[in-house]
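1. fold the following for me, if possible:
(chains A, B, C and D)
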4 protein chains.
Amino acid sequence: MVVVLEPGTTEVQIENIIRVLHEHGFDIHRSTGVAQTVLGAIGVRPDFDHRQIELLPGVAEVVRVTEPYKLASRSFKRDGTVINVGGVKIGGEEIVMMAGPCAVESEAQIFTIAEHVANAGVKVLRGGAFKPRTSPYAFQGLGEDGLKLLRQAADQFGLKVITEVMDRSQIDMVERYADIFQIGARNMQNFTFLRDLGKATKPVLLKRGLSATIEEWLMSAEYILSGGNHQVMLCERGIRTFETATRNTMDIGAIPVVKKKSHLPIIADPSHGIGIRDKVIPMARAAVAAGADGILVEVHNDPDHAKSDGAQSLYPDQFTQMMHEARIIAEAIGRTLV
Amino acid sequence: MVVVLEPGTTEVQIENIIRVLHEHGFDIHRSTGVAQTVLGAIGVRPDFDHRQIELLPGVAEVVRVTEPYKLASRSFKRDGTVINVGGVKIGGEEIVMMAGPCAVESEAQIFTIAEHVANAGVKVLRGGAFKPRTSPYAFQGLGEDGLKLLRQAADQFGLKVITEVMDRSQIDMVERYADIFQIGARNMQNFTFLRDLGKATKPVLLKRGLSATIEEWLMSAEYILSGGNHQVMLCERGIRTFETATRNTMDIGAIPVVKKKSHLPIIADPSHGIGIRDKVIPMARAAVAAGADGILVEVHNDPDHAKSDGAQSLYPDQFTQMMHEARIIAEAIGRTLV
Amino acid sequence: MVVVLEPGTTEVQIENIIRVLHEHGFDIHRSTGVAQTVLGAIGVRPDFDHRQIELLPGVAEVVRVTEPYKLASRSFKRDGTVINVGGVKIGGEEIVMMAGPCAVESEAQIFTIAEHVANAGVKVLRGGAFKPRTSPYAFQGLGEDGLKLLRQAADQFGLKVITEVMDRSQIDMVERYADIFQIGARNMQNFTFLRDLGKATKPVLLKRGLSATIEEWLMSAEYILSGGNHQVMLCERGIRTFETATRNTMDIGAIPVVKKKSHLPIIADPSHGIGIRDKVIPMARAAVAAGADGILVEVHNDPDHAKSDGAQSLYPDQFTQMMHEARIIAEAIGRTLV
Amino acid sequence: MVVVLEPGTTEVQIENIIRVLHEHGFDIHRSTGVAQTVLGAIGVRPDFDHRQIELLPGVAEVVRVTEPYKLASRSFKRDGTVINVGGVKIGGEEIVMMAGPCAVESEAQIFTIAEHVANAGVKVLRGGAFKPRTSPYAFQGLGEDGLKLLRQAADQFGLKVITEVMDRSQIDMVERYADIFQIGARNMQNFTFLRDLGKATKPVLLKRGLSATIEEWLMSAEYILSGGNHQVMLCERGIRTFETATRNTMDIGAIPVVKKKSHLPIIADPSHGIGIRDKVIPMARAAVAAGADGILVEVHNDPDHAKSDGAQSLYPDQFTQMMHEARIIAEAIGRTLV
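-> Purely as a prediction, here's the structure:
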């Protein structure tokens, strides 16, 4: 932490500031320039609230100079993490496709879609059994029956399962059916839940909150990592801005930023990122081009009658086209996509 | 719902759109103008996803024309809701002050603060026992011991208790000690939790999410109301914008907007809204002047050594000054503040 | 500027970083801690682009520790600036009201409004002659004829004139009629224009850009100040956020922040800040309560037929009520409002 | 425009609303449903302020149903506009690369860079002669001398010239040297300037404002188009959000959205979009993959000593690599890039 003092701060004020810093356990390096004094404070606790120092008389500014996360940081672990989900490797050279409907609706629906996406080269089947909906009057998912159907459809076509767990009370149940836990944007800072996921044995895909900075997102990953679960992947799914022409603003720039700051794999969700079907394919292409390790996308055999998010779900044919285009781009940048 | 068609849409396209709307259960009023056709679709389900229609060929725009919430709306209930918390009335003529530390830290601390704020005219004591912290390495609260101390201090000085419940698994425990449940900004869209709060018997203060629109906030209130708990108050605590000089941007304008759209009481939290002690008082004054029904504010007997949020907590003397100024402003606009 | 190095940076890398800093004219203080080295770089030019250092191998973070503005800063000038506009003092104990229509439309209109607001205690008459409109097809103002009418109406009722100048080519003309130049939000970073205003002899009210940080706003003030015109006042008029229920989000918190960072007076514009008539009064009250030095507000004798912004213009009676309430709040916080 | 009335609105209120709409020149279609009445108002002027109706008693909501722009709209002109700049076609099958330094600094600099980018396949040379800088103390460009050097370098290597014009007073001078006018983000809503550009004879590249919606951006294009200059291309260069890890948030999603709403070509500027050199290449790739018609990028022969924006300028070798990768992606999606 660096404490910059105002020009003209008195020696008495400086001594007081140093005393307070010592009380908080810091070692101090003092640099006195012609116009200004700067204090280097070494040994900060990760949770120290720098506003405590900012308010002291004579202080112009306080600057935290270390990242507040550690285990999620690339300076902690230089090599990119590769998560092995029963043979499917996420974070390596290959770009992993995860596809399926927003919600599991029926046996016929999930089997039809699973077959289509498996044939197109997908490795992981997505589908929701518990749906977080902004309206209390909307379809809320099939619950455990949905999980069973999802597992059966995946097994039938040699796929892994990713599905959302909404709550710490659901962890045990979902763990019986899923290969990857998906954590929704609205739960990104549900800290008691993150703590419990740190004790789970399955990998976690952590979606970015609608208004979360990249730093906060990595802090939330840190919660899970610090609990002992090292299999965390991140998922960019759009942030909220003033723009209303799209459901969200997909922060494609977050992909190279996360790649530099962290060793964790980064997945992109163009379905939520842009929110309308006819623009999902260009956004999926852009995410692959920017370096994403995987794509999570909504596909439905009959989007016009889907019980949720039909408008952002691809038709099966569109999905096949998306796979084709993504594959060529992957190769253009030296990666593979089966 | 109003469906605006593109100029030049063919009759075949129009018939197709009408057919799809009928399938979704709508009655249709068709208005054919010189240049453009407009369809009025009556009877929408509250959760209908209008993007389903937006994607049909020939559709220029789809406009949802009814609010997606009902029980929270002022058109549903004209008179403002007054919540009676053991004689303390929230939402009436009187502006209710809720004050106390960010976190309960010790018996001495909470009793000292409770005595000070009670003497200054406060009716409700705030204090956290479970702290949601962005860092897994930070102080996480005293837990149930904290709740006990909070209750004892409140009883000693004739105060009611408001405290945060973080999770559905904590509802029963917190209900034994608290008079009002506080729901944090990060939980505003934790829907399984909101559903459970709808069955609880204590009033709920629902904080606005960091990137939640006012409409979404009222939808979250609707979740609680539709479960049967009608004692919901809202709390503006700052939203996230591009401005970095303050912790959050306190949306004072949300106060008159909520007053017009909803019958629920609206409370303001200037401590989180601005995030630094020396600007909390002007923001509290502004909130009262804009029509808030109450103020929730952090006060600490020794902010410099507080275990959390000390930098935004008022010194006891500042709090007394804030009460004094808020009282005069309340009277200026025809309200009271004891 | 403080340069924080990554743990494990080699001595060769450190020497390279120091060499580059020397090339850019910095003096260096080096602090080598156990885990990390920190370099203090003294003597930065105000326009130095710190990203130049951020990209060097071994650098973890670069922190600019001085404000990029100087003349606008309160550390440069401790006492608040009071601008004397022909006897009307802006920035002193008294809160100054500036009111009038969005646009001058006719002689009858501007004289009617001028008389009403003068009787209500207003000191400065506002009104636009050149209107910046998002649509090329909308009313664009009366031009110089509007300026003449505005001046005549003001003189008739003993008022000063504030009006928008849109362009450097209009400065000379507007200077002949106005007492204060109003610079619109969209021109806040029109730097050639700001530079010319620095040579003008009339005071300038500088509106905050829709997405401008407070720091950028003060930098724009610096442009004018550094040109030699020291009569600058700032005007908060709402920023753009994700919220769509209001035209803008009025950042009331900017008022105390600017008061602390700068010596320049700060005015609030609740008409643009909230954008709809029925919420202008609570926002004006909030701005006064938060410490604004003045209010700029739109009033119209017949808002329903106004040629621009009628929907956010107060009726004359509402304006009288606003003055009354603002006056009581001003007194509550130890200020005056005639 | 559609006017939705509140449930329970009286017949007298409805008649009043219809009267006001007639006064404003609308034809009315009335649909009376069981619970609610909806009025279709036909014939709206493009600049009508719908808030005028919103405030009438009995009105629940007013919805503008036509886009406020016309000439910029794809419904006005189905085929994409191709702008021919002396043989270089922008908006066609080929993706056009525009590259060069942020600012022209010297003859040696601009000739060196021009040669490099011409060899790499670039068609248009960029470079600023007048620099809009947030600090009044920063390098402001070489002025007309810079324009001359830019023209000479371009002619030497067979390139076209794009350069920023900052002000209406500069149009004539810049027109003598440039092939394309670049309008900066901060000038996107400088309406007197846009009006003058509508009378210019050279094509215009219009950058999106930092907080401009896509609709506002198209409205600004409409200003130029309605003046008679039909050669307008748009440029996405990042918007402002709460994220601070990048200089701006590049809205890649704007590319397919603009493609659908408008017939104008869309260019992407990854240098400003992400703001730091090491992430420019992935963002350029993403923009091509999303469907951009061209890329505008900063390249410098010696970025470490550039007078402005060196930190986001590519090294010549990086630029060559970017061209290579962009070319393969262009082909992957059925386009060309020479």
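
2. from A:A114, how far off is the closest residue to A:F319 other than its chain neighbours?
-> Using Cβ to Cβ, 6 or more residues apart in numbering or on different chains and skipping the chain neighbours, the partner closest in space to A:F319 is A:V299 (4.6 Å). In this view, the C-beta of every residue, glycine as well, is placed from N, C-alpha and C. Distance of A:V299 to A:A114, given as Cβ to Cβ, to the nearest Å: 10 Å.

3. quick check: neighbours shared by those two?
-> Jointly contacting A:V299 and A:A114 under the rule Cβ atoms under 8 Å, 6 or more residues apart in numbering or on different chains are A:G100.

4. what lies in contact with the helix or strand harbouring A:R327?
-> A:R327 is part of helix A:316-332 when elements are defined by DSSP states H and E. If you take Cβ under 8 Å, 6+ apart as the criterion, helix A:316-332 is touched by A:95, A:97, A:99, A:113, A:116-117, A:120-122, A:277, A:280-281, A:284-285, A:288-289, A:295, A:297, A:299, A:301, A:314, A:336-337, D:289, D:325, D:328-329, D:332-333.

5. can you pull the contacts of the residue nearest to A:F319?
-> A:V299 neighbours (Cβ under 8 Å, 6+ apart): A:A99, A:G100, A:P101, A:I113, A:H116, A:V117, A:S313, A:L314, A:Y315, A:P316, A:F319.

6. could you dump the residues you listed to JSON lines with secondary structure?
-> Output for the contacts of A:V299, formatted as JSON lines (DSSP: H, G, I helix; E, B strand; the rest coil):
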{"residue": "A:A99", "secondary structure": "strand"}
{"residue": "A:G100", "secondary structure": "strand"}
{"residue": "A:P101", "secondary structure": "coil"}
{"residue": "A:I113", "secondary structure": "helix"}
{"residue": "A:H116", "secondary structure": "helix"}
{"residue": "A:V117", "secondary structure": "helix"}
{"residue": "A:S313", "secondary structure": "coil"}
{"residue": "A:L314", "secondary structure": "strand"}
{"residue": "A:Y315", "secondary structure": "coil"}
{"residue": "A:P316", "secondary structure": "helix"}
{"residue": "A:F319", "secondary structure": "helix"}
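
7. list the residues that contact A:L55.
-> Counting by Cβ under 8 Å, 6+ apart, A:L55 makes contact with B:I276, B:R277, B:D278, B:A311.

8. can you rerun that using 10 Å?
-> A:V62, B:I276, B:R277, B:D278, B:P303, B:D304, B:G310, B:A311, B:Q312 (Cβ atoms under 10 Å, 6 or more residues apart in numbering or on different chains).

9. SS state for the first one?
-> Of the three states, A:V62 takes strand according to three-state DSSP.

10. helix or strand: which one has A:E298?
-> strand A:294-298.

11. let me know whether that strand sits next to chain D.
-> No - Strand A:294-298 does not reach chain D (Cβ under 10 Å from any Cβ of the partner chain); its nearest approach is 12.4 Å.

12. what's the separation between the residue of the stretch 151-300 of chain A found nearest chain B and D:E67?
-> Scanning the stretch 151-300 of chain A for proximity to chain B using Cβ to the nearest Cβ identifies A:S211 as nearest, at 3.1 Å. As for A:S211, its distance to D:E67 is 29 Å (criterion: Cβ to Cβ).

13. between the two, which one's more packed in?
-> A:S211 (23 against 20; other Cβ atoms under 10 Å in any protein chain shown).

14. wait, what's in contact with the more buried one?
-> A:185, A:188, A:239-241, B:185, B:209-212, B:239-241, C:242, D:241-243.

15. helix/strand/coil for it?
-> coil.

16. quick check, pLDDT for it.
-> A:S211 carries a pLDDT value of 94.

17. same question for A:V34.
-> On the pLDDT scale, A:V34 gets 61.

18. dump the residue contacts of the closest residue to A:T192 other than its chain neighbours.
-> The shortest distance from A:T192 to any non-neighbouring residue, by Cβ to Cβ, 6+ apart, is to B:D167 (5.0 Å). By Cβ under 10 Å, 6+ apart, the contact set of B:D167 is A:167-169, A:190-193, A:196, B:130, B:132, B:174, B:187, B:190, B:193, B:196.

19. got a list of contacts for the host helix or strand of A:N16?
-> Taking DSSP H and E as the definition, one finds A:N16 inside helix A:11-23. Contact with helix A:11-23 is made by A:1, A:3, A:5-6, A:9-10, A:26-28, A:30, A:32, A:37, A:39, A:41-44, A:52-53, A:56-59, B:304-305, as judged by Cβ under 10 Å, 6+ apart.

20. 8 Å instead?
-> By Cβ under 8 Å, 6+ apart, the list of residues contacting helix A:11-23 reads A:3, A:5, A:28, A:30, A:37, A:39, A:41, A:52-53, A:56-59, B:304.

21. show me which of these are buried.
-> Neighbour counting over the contacts of helix A:11-23 (16 or more other Cβ atoms under 10 Å in any protein chain shown) leaves A:V3, A:L5, A:T37, A:L39, A:A41, A:Q52, A:I53, A:L56, A:G58, A:V59 as the buried ones.

22. verify the stated contact: the first one with A:V38.
-> Looking back up the chat, that one is A:V3. Yes - contact criterion Cβ atoms under 8 Å: A:V3 and A:V38 qualify, at 7.1 Å.

23. between those two, which contacts overlap?
-> By Cβ under 8 Å, 6+ apart, no residue touches both A:V3 and A:V38.

24. against D:K279, how distant is the nearest residue to A:L337 once chain neighbours are set aside?
-> Leaving out its chain neighbours, the residue that sits closest to A:L337 by Cβ to Cβ, 6+ apart is A:A330, at 4.1 Å. Using Cβ to Cβ, we find A:A330 at a distance of 19 Å from D:K279.

25. who has more neighbours out of the two?
-> Legend: neighbour count by other Cβ under 10 Å for A:A330 and D:K279, higher for D:K279 (24 against 20).

26. secondary structure element holding whichever residue of the stretch 51-200 of chain A sits closest to chain D?
-> Nearest residue of the stretch 51-200 of chain A to chain D (Cβ to the nearest Cβ) works out as A:E67 at 11.1 Å. Here A:E67, judged by DSSP H and E, is contained in no helix and no strand.

27. do you know how far the residue nearest to it when sequence neighbours are not counted is from D:R240?
-> Closest residue to A:E67 apart from its sequence neighbours, by Cβ to Cβ, 6+ apart: A:S73 at 5.7 Å. As judged by Cβ to Cβ, A:S73 and D:R240 stand 27 Å apart.

28. so those two - more neighbours on which side?
-> Neighbour totals were compared for A:S73 and D:R240, and D:R240 leads with 24 against 18 (other Cβ under 10 Å).

29. hmm, the more buried one is touching D:A212, no?
-> No - counting by Cβ under 8 Å, D:R240 does not reach D:A212; the two are 9.9 Å apart.

30. and stretch A:310-330, which residues are buried?
-> Here stretch A:310-330 shows A:310-314, A:316, A:318-320, A:322-323, A:325-330 as buried, counting by 16+ other Cβ under 10 Å.

31. no wait, stretch A:8-20
-> Those buried within stretch A:8-20 under the rule 16+ other Cβ under 10 Å are A:T9, A:Q13, A:I14, A:I17, A:I18, A:V20.

32. same thing with stretch A:114-123?
-> Here stretch A:114-123 shows A:A114, A:E115, A:H116, A:V117, A:A118, A:A120, A:V122, A:K123 as buried, counting by 16+ other Cβ under 10 Å.

33. of those residues, closest to B:E105?
-> Closest to B:E105 out of these is A:K123 (50.0 Å), distances taken as Cβ to Cβ.
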